[in-house]
Each structure stands twice: as structure tokens, then as C-alpha cells.
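Enquirer: missing the sequence, but the structure's below:
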């Protein structure tokens, strides 16, 4: 995804005719990394923010406070923007893990810690779905075998084991969704992230009725999946508190992330 705007939306217009740097964020389970690339692909600046010590592992449980994602993103964006004033950042691209689950309440805030991609508490739920539908059916729909790392069995686990929490959830974010929420553009993911839920029909490009009926919850608890390049909204004023933005207005756009993602160190 990129958050992009016209030159006037960002304050002073860059002096160079083709100056337009891009910030790539790689939000991992232990570290957030950022790199700014110029229009010709040169690396202008890099930063990273580690939070490995905050990851809590206890048997099959693997959790992390969502504040680690928020603090790292805001810190890195502010630091890199300050270092790239001569070639201002005009777009942001985010790479992250699609299997992490963040329960969101009615106020748009996390209700609990994130269940990380390596959390395996929902093995029983994963096995139950496999038994009900068959691994061949699941694979033919999603392109993946059912696994406890995926968000669909994780939601089933929370509804069964933590029903009071689940009753107050209005949405489940991935790490990607949550970063977009921080930036003021919640509620959308691209097909590549949706494919990591084990509930997305990769041929029809929509949530699978077959799988969600078997899982017994609505796909409306997840974000809408759209094709790369889809315009999904505008960053509101509250999200425009970063050093390079002096007023609201940048459009949030879905873009192919491979160019920026390839420039980031993808080791978690």
C-alpha cells in the first residue's frame, strides 16, 4: 500500500522536478525497519526499531502489545522524514505478516494483545475445520492447507475460549491492517494479505462462504480485500501529525509492494 498525495498536500514543493522519495516499512514480529528510496532507487536513509524483548512466549502462546507496532511506525516515520527533507517522502509502502491477529473494539482501539503469526493455541480449531471440510477442499479454495497460524482458526479460538472478549470485537486487524489504521486508513487489505487467512477464495477474489459457514462467524469481522491500485480513502487530519505533513489530504492507495518490500531486510 502507498499513501500518496499531490505536491501541494505536503507543504513546500520539492525543488527538483522529479524528487519523490518513497518510504518502505517492514513491520516484523520483533523489529520494524524502514528505508527511504529516491525516485532513481537510491537509498537515502534507513532506520530500525526493535521490540523483540516485548514478545511474550508461553508454550503455544505468542503475543505482543499492539503499541509496539504503533510506537515503532511513528518513531521510524518521524526520524526518516526529518532526514529526508531535501527529497521529501511522498509515499509509504507497508510490508508485514498477514497471520497476526489484533482484536479491535468499537472505539477503534485494540482490546487485547496481538496473537502473533507463530501463536499455535488454535490447533484444535484448525484440526476441526480440516476434519469438517477436508484439506483438499480447503486447498482448492485458498491455495493453502489449514494451519493454526491463520486468522480464521484464531478467531474461532477466541470465540470459544475468550467469549467475553470476542463479544466486544467489531473487527480483527492483521499487523498490516493495524499499521493502516494508525495511518488513518483502516478496513482494507490487498489480496496477498487476505490469502494468508485460509478463508479467502483466491480464484474468485472474495471471502469463502464455504469456509466461513464451517467456521461459524462472519467475514465482515475482517477487512475488505481489494486489488492492488484501488483507492481506499484519504488520511484524515488526526493521522497527519508526521513532520512532513502540514495539512490533511493524501489519498490512500493500494499499490504493488514488491519494489519497496524488496529493498527492506525481510528477516524478522
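Expert: Alright, I've got the coordinates. Being a predicted model, the structure only gives us computed values, none of them experimental. Numbering: from 1, shown residues only.
Enquirer: What values do phi and psi take at the residue most central in space within the chain?
Expert: Centroid check for the chain by C-alpha atoms, centre = their mean gives residue 176 as the closest residue, at 0.3 Å. Backbone geometry at residue 176, expressed as degrees, to the nearest 10, gives phi -60, psi -50.
Enquirer: Skipping adjacent residues, who's closest to residue 71 in space?
Expert: Distances taken as C-beta to C-beta, 6 or more residues apart in numbering place residue 49 nearest to residue 71, at 7.4 Å, with adjacent residues excluded. (Each C-beta comes from the backbone N, C-alpha and C, glycine too.)
Enquirer: Checking that neighbour next. Helix, strand or coil?
Expert: With DSSP: H, G, I helix; E, B strand; the rest coil as the basis, residue 49 sits in strand.
Enquirer: next one: residue 33
Expert: Three-state assignment for residue 33 (three-state DSSP): strand.
Enquirer: Pretty sure it sits against residue 23.
Expert: No: here residue 33 lies out of contact with residue 23, judged by C-beta atoms under 8 Å, at a distance of 11.0 Å.
Enquirer: Enumerate every residue touching the residue nearest to residue 71.
Expert: Residue 49 makes contact with 31-33, 71-72, 75-76, according to C-beta atoms under 8 Å, 6 or more residues apart in numbering.
Enquirer: 6 Å instead, please
Expert: 32, 72, 75-76 (C-beta atoms under 6 Å, 6 or more residues apart in numbering).
Enquirer: Check residue 45 too.
Expert: 36, 80, 83-84 are the contacts of residue 45 under C-beta under 6 Å, 6+ apart.
Enquirer: Buried ones only from those residues, please, as a ChimeraX command.
Expert: Here is the ChimeraX command that selects the buried residues among those (16 or more other C-beta atoms under 10 Å):
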select :36,80,84
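Enquirer: just for the protein, where's the confidence low?
Expert: 1-19, 228-268 (pLDDT under 70).
Enquirer: Could you tell me which helix of it is the longest one?
Expert: When the chain is parsed with DSSP state H, its longest helix is helix 66-83.
Enquirer: Who are the packing partners of it?
Expert: strand 31-37, strand 43-50, helix 175-182 (3 or more C-beta pairs under 6 Å, 6 or more residues apart in numbering; DSSP states H and E).
Enquirer: Identify each buried residue in it, please.
Expert: For helix 66-83, by 16+ other C-beta under 10 Å, it's 66, 68-69, 71-73, 76-77, 79-81.
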